[in-house]
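*Asks:* quick one, structure for this:
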Amino acid sequence: MEPPTIREVTRRLENEGFVKVGQKGSHCRYQKGNLKVTVAGKPSKHLNRRTWKSIQRQAGW
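*Replies:* Down below sits the predicted model:
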């Protein structure tokens, strides 16, 4: 199974209450309480598998 697109991940983060707290280039930073997640890349691109695992760990999924 292919990892989701960056757009899908950012939508899921926002739906779960994460707030975009900053952006530098293509790196968007989201925060919810103590959890901080960084998502990088163009919205239409699929995530690398290792990057997807890292985002899941950061978000507590």
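*Asks:* pLDDT at residue 6, what is it?
*Replies:* According to the prediction, residue 6 has pLDDT 95.
*Asks:* ok, it touching residue 30?
*Replies:* No. Assessed by C-beta atoms under 8 Å, residue 6 is found out of contact with residue 30, at 12.0 Å. Every residue, glycine included, has its C-beta placed from N, CA and C.
*Asks:* shared neighbours of these two, which are they?
*Replies:* The contact sets of residue 6 and residue 30 overlap at residue 39 (C-beta atoms under 8 Å, 6 or more residues apart in numbering).
*Asks:* quickly find the element holding the most centrally placed residue in the chain.
*Replies:* The centre of the chain sits closest to residue 39, judged by C-alpha atoms, centre = their mean, with a distance of 3.9 Å. Secondary structure assignment for residue 39, by DSSP states H and E: strand 35-40.
*Asks:* ok so, going back, show me what the residue nearest to the centre of the chain bridges to in the sheet.
*Replies:* residue 28 (DSSP bridges).
*Asks:* ok, it - contacts?
*Replies:* 6, 9, 10, 13, 27, 28, 30, 55.
*Asks:* switch to 7 Å and redo it
*Replies:* 6, 9, 10, 28, 30, 55 (C-beta atoms under 7 Å, 6 or more residues apart in numbering).
*Asks:* hmm, back to that, would you mind writing the CA trace of the strand holding residue 39 as PDB?
*Replies:* Output of strand 35-40 as PDB, limited to C-alpha atoms (Å, rounded to 0.1, in the frame of the first residue of the first chain):
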ATOM      1  CA  LEU A  35       3.000  17.000  20.100                       C
ATOM      2  CA  LYS A  36       4.900  18.700  17.300                       C
ATOM      3  CA  VAL A  37       4.800  17.400  13.700                       C
ATOM      4  CA  THR A  38       6.800  18.600  10.700                       C
ATOM      5  CA  VAL A  39       5.400  17.800   7.200                       C
ATOM      6  CA  ALA A  40       7.600  18.600   4.200                       C
END
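*Asks:* what's the first helix or strand after it?
*Replies:* helix 49-59.
*Asks:* mind checking the pLDDT average for that following helix?
*Replies:* Mean predicted confidence for helix 49-59 is 94.
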